[in-house]
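[1] No letters, just coordinates:
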């Protein structure tokens, strides 16, 4: 592998916008006094599109192990996928996702609200009435003002940066409000009484309720807000509350006795206690899972190669292999020649041996199916028949690659640099496979590893990309919420080309695509909008802005003694954490 940089600092953190994968569990009985043992494993993929060990039995302790703490446990600031999933233990939102496996999970249901939003004013006004009996962990009622305040915190980016700001951008696109710490009351959200909240959008957005389901929009009580320190002990509106937390070491949740199951049919809340232990070594994590010393992998990255091999060979009945919502891909920044030419981009797509990349990522089971387009299968609008470059056949099309090289004025090929995170082994191996296959068509790729923790200021900075000559950027992506908007806007919309923290690496600035997005976003019919996002995806692939690699899968461990385990598309194919139980 030809490289420019040799740094190999490992980072286990996973962003929900960038990479990530799964949640895991153990194969045998636990050693914790609260956990009973074993039983027979439910079988391979028993938690995929169905429920493994369905049960409503309460009790026991659910034990997580991880190699990376949350970016923040403050619901306003969190963006890691595992943190968002885990936050449902202690936070609720007006609406949330269905407690069901697979695609059924993406249907929104009322959570704190009595019903989904009542629309008026041409789809610009959403009105909600809160359920009766909602209480904070200290027994005080949860009010509409608490929900409004929690959402207003998104505007305090100088104090609470880091989390998604979809609701903020939709409600206040011009950024006039300064946040609750500086600007007082936000007029775009009304609370006429303690049980009613009304949102006024400047223009319709069919995914607004999807945004409200994100923990960013959970209630925060003003008198309990510790600002930047709130993430050390968030105040609970959910079935569990923080008992103790030592950053990067451990976290314990216990039952919130003031939570009422009568007000919440989306969370089973089965264990009596939830414990988290944080390590620094992924192999040690996998050993603990396999040996029964822990129940679930908090970070949902999937098992590393050694643990994965053992799990598949010796404990396959304890393994799930669900489709995640993430895709691995290469973007072609148009600011770097010769990828300003569509035919040079097409040459790289045709010249890549997709099967070798899949193998490098761990094969169909650990790496995922070949990605034929840029929309993941878990996002409505995905079309498995959209394969404009014949990627499904797996092999490189050398003849077409050379034909495209002639069309772009590079009949003898060219040199370019591929940027890849040194914090992801699968990405590095993928880069080597791409390098080897493109060399056969005359495209000489130099691989430049960069620190994945610094991605937003390296590949996310268009000036840096151009200066370093990154003609190819290998990355991963998953939806913030399950729709074409939640997935594709940051990647494909020209409005999201940023000076820093950019994710539109290809620098797509296409009026047709922007117009298609505007139309799809305003569509209040999810099925109709999905068809429109499918068309956007086709247009993106037509422009050859991306080289899709795999629809990511990871081997996920499921303990014999865990109950009510299922992967949910609403959480990118990860387990619905808050509904998992343990046999006492």
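    That came in fine, so what should we check first? From a predicted model like this one, the values you see are computed outputs, not experimental measurements.
[2] drop to CA atoms for contacts and neighbour counts, all remaining ones
    OK.
[3] domains of the chain?
    Dividing the chain into domains by automatic domain parsing, as the record does, gives the ranges 95-229, 323-553.
[4] Please work out which of these is packed deepest.
    A comparison of the domains of the chain by mean neighbour count, using mean count of other C-alpha atoms under 10 Å, puts domain 323-553 on top with a mean of 21.
[5] model confidence over that domain, on average?
    Average pLDDT, domain 323-553: 95.
[6] what about that domain, start to end distance?
    Taking C-alpha to C-alpha, to the nearest Å, domain 323-553 runs 5 Å from one end to the other.
[7] swap in stretch 389-407?
    Stretch 389-407 has an end-to-end distance of 16 Å (criterion: C-alpha to C-alpha).
[8] which residues touch it?
    Under the criterion C-alpha atoms under 8 Å, 6 or more residues apart in numbering, residues 343-344, 346-355, 370-372, 411-413, 437, 441 lie in contact with stretch 389-407.
[9] mind running it again at 7 Å?
    Residues outside stretch 389-407 that contact it (C-alpha atoms under 7 Å, 6 or more residues apart in numbering) are 343-344, 346-348, 350-355, 370, 372, 411, 413, 441.
[10] ditto for stretch 139-156
    Here stretch 139-156 has contacts from 76, 134-136, 165, 168, 178-181, 189, 191, 194-197, 216-222, 258, using C-alpha under 7 Å, 6+ apart.
[11] Can you say which two of the contacts of stretch 389-407 are spatially most distant?
    Between any two of the contacts of stretch 389-407, the greatest separation by C-alpha to C-alpha is 28.1 Å, found for 370 and 411.
[12] and the closest residue in space to residue 316 that isn't next to it in sequence, how many neighbours does it have?
    The shortest distance from residue 316 to any residue that is not its chain neighbour, by C-alpha to C-alpha, 6 or more residues apart in numbering, is 5.8 Å, and that residue is residue 44. Residue 44 is flanked by 17 other residues according to other C-alpha atoms under 10 Å.
[13] which secondary structure elements does the host helix or strand of residue 429 contact?
    For residue 429, the host element (DSSP states H and E) is helix 425-439. Contact here means 3 or more C-alpha pairs under 7 Å, 6 or more residues apart in numbering; DSSP states H and E; on that basis helix 425-439 packs against helix 342-351, helix 354-360, strand 414-421.
[14] roughly how far out does that helix sit from the chain middle?
    Its chain's average C-alpha position is 24 Å from that of helix 425-439, according to C-alpha atoms, centre = their mean, to the nearest Å.
[15] Next: stretch 297-308.
    In terms of C-alpha atoms, centre = their mean, the centre of stretch 297-308 is set 16 Å apart from its chain centre.
[16] Buried ones in it, by neighbour count?
    The neighbour-count criterion (16 or more other C-alpha atoms under 10 Å) identifies 297, 298, 299, 300, 301, 302, 303, 304, 307, 308 as the buried residues of stretch 297-308.
[17] quick one, what contacts the closest residue to the second one other than its chain neighbours?
    Excluding its sequence neighbours, the residue lying closest to residue 298 (C-alpha to C-alpha, 6+ apart) is residue 66, at 5.0 Å. When contacts are counted by C-alpha under 7 Å, 6+ apart, residue 66 touches 277, 278, 279, 285, 297, 298, 299.
[18] Quick check: longest helix in the protein by residues?
    Counting residues, the longest helix found in the chain (DSSP state H) is helix 526-542.
[19] Show me what it is in contact with.
    Applying C-alpha under 7 Å, 6+ apart, the set of residues contacting helix 526-542 is 373, 374, 375, 380, 381, 382, 383, 484, 513, 516, 520, 523.
[20] now the helices: where do they sit in the stretch 451-584 of the chain?
    Taking DSSP state H, counting those that start in this stretch to define them, one finds helices in the stretch 451-584 of the chain at 462-468, 484-492, 511-522, 526-542.
[21] and which of the buried residues of stretch 297-308 is nearest to residue 472?
    Among these, residue 301 lies closest to residue 472 (C-alpha to C-alpha), at 24.5 Å.
[22] Assign the closest one to helix, strand or coil.
    With DSSP: H, G, I helix; E, B strand; the rest coil as the basis, residue 301 sits in coil.
[23] Against residue 514, how distant is it?
    Going from residue 301 to residue 514 by C-alpha to C-alpha gives 33 Å.
[24] And for residue 522?
    Computed as C-alpha to C-alpha, the residue 522 to residue 514 distance reads 13 Å.
[25] same thing with residue 191?
    Noted for residue 191: a distance of 34 Å to residue 514, by C-alpha to C-alpha.
[26] next one: residue 439
    To residue 514, residue 439 is 35 Å away according to C-alpha to C-alpha.
[27] and the longest helix of the chain with helix 484-492, angle?
    Between the axis of helix 526-542 and that of helix 484-492 there is an angle of 20 degrees, by axes from the mean of the first three to the mean of the last three C-alpha atoms, to 10 degrees.
[28] Any idea how far helix 526-542 is from the middle of the chain?
    Going by C-alpha atoms, centre = their mean, the spacing between the C-alpha centre of helix 526-542 and its chain's C-alpha centre is 20 Å.
[29] could you give the angle of that helix to helix 342-351?
    Compare the direction of helix 526-542 with that of helix 342-351 by the same axes, to 10 degrees and you get 100 degrees.
[30] What angle do helix 511-522 and helix 526-542 make with each other?
    Inter-element angle recorded for helix 526-542 and helix 511-522: 160 degrees (by the same axes, to 10 degrees).
[31] now the strands: where do they sit in the stretch 151-300 of the chain?
    Counting by DSSP state E, counting those that start in this stretch, the stretch 151-300 of the chain has these strands, from start to end: 189-193, 196-200, 240-246, 250-255, 273-278, 296-297.
[32] so which of those gets nearest residue 62?
    The closest of these to residue 62 is strand 273-278. By C-alpha to C-alpha, the value is 4.9 Å.
[33] The closest one pairs with which strands, parallel or anti?
    Pairing partners of strand 273-278, with direction, according to DSSP bridges: strand 61-66 (parallel), strand 250-255 (antiparallel).
[34] Deepest-packed of those, please.
    Among the strands paired with strand 273-278, ranked by average contacts under mean count of other C-alpha under 10 Å, first place goes to strand 61-66 (a mean of 26).
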